[in-house]
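K.L.:
return atomic coordinates for the entry below.
(chains A and B)
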Amino acid sequence: QQQVKQSPQSLIVQKGGISIINCAYENTAFDYFPWYQQFPGKGPALLIAIRPDVSEKKEGRFTISFNKSAKQFSLHIMDSQPGDSATYFCAASMRSGSQGNLIFGKGTKLSVKP
Amino acid sequence: DAGVIQSPRHEVTEMGQEVTLRCKPISGHDYLFWYRQTMMRGLELLIYFNNNVPIDDSGMPEDRFSAKMPNASFSTLKIQPSEPRDSAVYFCASTLQGGFGYTFGSGTRLTVV
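P.N.:
Here you go, the predicted model:
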């Protein structure tokens, strides 16, 4: 119930294309869903996050879509660029209560070809 | 702000030796997390602290691992004795409120030979 399942494991996209990464969760108590971006040799960095009271959040070329009934959320990267090549992690947590930690998906390695 | 600072960046040690990883969280952050990253298992939470108190250490793989946070600005993760299967990148992260807004350090790449 604590898992966050992420797919695909790796993704190759042409420059200018749309990258889509999907995540699913079981615990309906999760109420915060961030995405992190990690470049080689660096720690993960917060990219964008969503709460379950909205179905979509957009920041520049990055959009999170959230489907509460299906317990799924996804990251869309529009007009993908070679500089977007990185590993992306979805995560979930319960902001209320005693649970203080993020549960991370296994990650998706994105390669954007020029 | 210098961010979360981890040291050393790289550590190579022989099996059986003691290894100590260090972390300085962002000033004012009251949560600190230790994660381990491997290709096979991804990012695994090892332990986290709130206000210097360990809250959940269920992710610590075995008794060889221990973590301390003696004050708000310093934490250590110790492995004694180290084994080759401990080879991984170890990340420290801190946040003001548990569960979101994590800032990660650059990690310590540990190689046990």
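K.L.:
residues from chain A in reach of chain B?
P.N.:
Residues of chain A lying close to chain B by C-beta under 8 Å from any C-beta of the partner chain are A:32, A:34, A:36, A:41-46, A:49, A:89, A:93-95, A:98-107. In short, each C-beta sits where N, CA and C put it, glycine included.
K.L.:
residue B:68 contacts residue B:76, doesn't it?
P.N.:
Yes. Assessed by C-beta atoms under 8 Å, residue B:68 is found in contact with residue B:76 at 5.3 Å.
K.L.:
still on that earlier bit, are any of the residues of chain A next to chain B buried, and which?
P.N.:
Burial by neighbour count, judged by 16 or more other C-beta atoms under 10 Å in any protein chain shown, picks out A:32, A:34, A:36, A:43-44, A:46, A:49, A:89, A:93-94, A:99-107 from the residues of chain A next to chain B.
K.L.:
and residue B:1, what pLDDT?
P.N.:
Per-residue pLDDT puts residue B:1 at 64.
K.L.:
scratch that, residue A:27 is what I was asking about
P.N.:
Note on residue A:27: pLDDT of 89.
K.L.:
which of the three states applies to it?
P.N.:
Assigned by DSSP: H, G, I helix; E, B strand; the rest coil, the conformation of residue A:27 is coil.
K.L.:
for the lowest-mean-pLDDT helix or strand in chain A, name the packing helices and strands.
P.N.:
None of the helices or strands of chain A scores lower by mean pLDDT, DSSP states H and E than strand A:103-104, at a mean of 88. In terms of contacts (3 or more C-beta pairs under 8 Å, 6 or more residues apart in numbering or on different chains; DSSP states H and E), strand A:103-104 is packed against strand A:86-92, strand B:42-50.
K.L.:
many thanks, have a good one.
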